[in-house]
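**Q** just coords:
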């Protein structure tokens, strides 16, 4: 399985950005998908997850109402739409896949992408 993220970059506070993650190597519908992030000097943290059929989503509290996770099972893509970005959202964002389900624990994920940097300027 391979996961490749894209869409990161430098944005101003208040702006929006959409991250994409392309999945390959196994049937995409076997896997729940998630986004994690890691800021400099901090541990990796859960951001959002979506179930295999897209019917269930989970978010960390600080992004609820601002971020939306989605997936396109035909195109084997997962997305993270990020709105109202603020400097605290600055991090490397990682896509992850879980054969089990949309857990908030990083240990529940089997495969990871290489990450994409998002920097939010104030």
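**A** Thanks, I have it. As the structure is a computational prediction, the values presented were derived from the model and not from experiment.
**Q** how deep is residue 61 tucked in, by neighbour count?
**A** 6 (other CB atoms under 10 Å). Heads up, the C-betas are built off the backbone N, CA and C, glycines and all.
**Q** can you list phi and psi of it for me?
**A** Phi and psi for residue 61, reported as degrees, to the nearest 10, are phi -60, psi -40.
**Q** quick check: the gap between it and residue 67.
**A** 11 Å (CB to CB, to the nearest Å).
**Q** who touches the spatially most central residue of the chain in this structure?
**A** Closest residue to the average C-alpha location of the chain: residue 35 at 2.3 Å, with CA atoms, centre = their mean. By CB atoms under 8 Å, 6 or more residues apart in numbering, the contact set of residue 35 is 19, 21, 47-49, 69, 78, 80, 93-96.
**Q** most neighbours among those residues, please name it.
**A** residue 78 (31 neighbours).
**Q** is that residue in a bridge, and if so with what?
**A** Taking DSSP bridges as the rule, residue 78 bridges to residue 21, residue 71.
**Q** do the one 4 residues further on as well
**A** Partner residues in beta bridges with residue 82: residue 17, residue 67, with DSSP bridges as the criterion.
**Q** quick check: it touching residue 89?
**A** Yes. Counting by CB atoms under 8 Å, residue 89 is a contact partner of residue 82 at 6.8 Å.
**Q** tell me, what's touching these two both at once?
**A** What both residue 82 and residue 89 touch, as defined by CB under 8 Å, 6+ apart, is the set 63, 118.
**Q** list the contacts for residue 71?
**A** Contacts for residue 71 (CB under 8 Å, 6+ apart) come out as 28, 33, 50, 54, 77-79.
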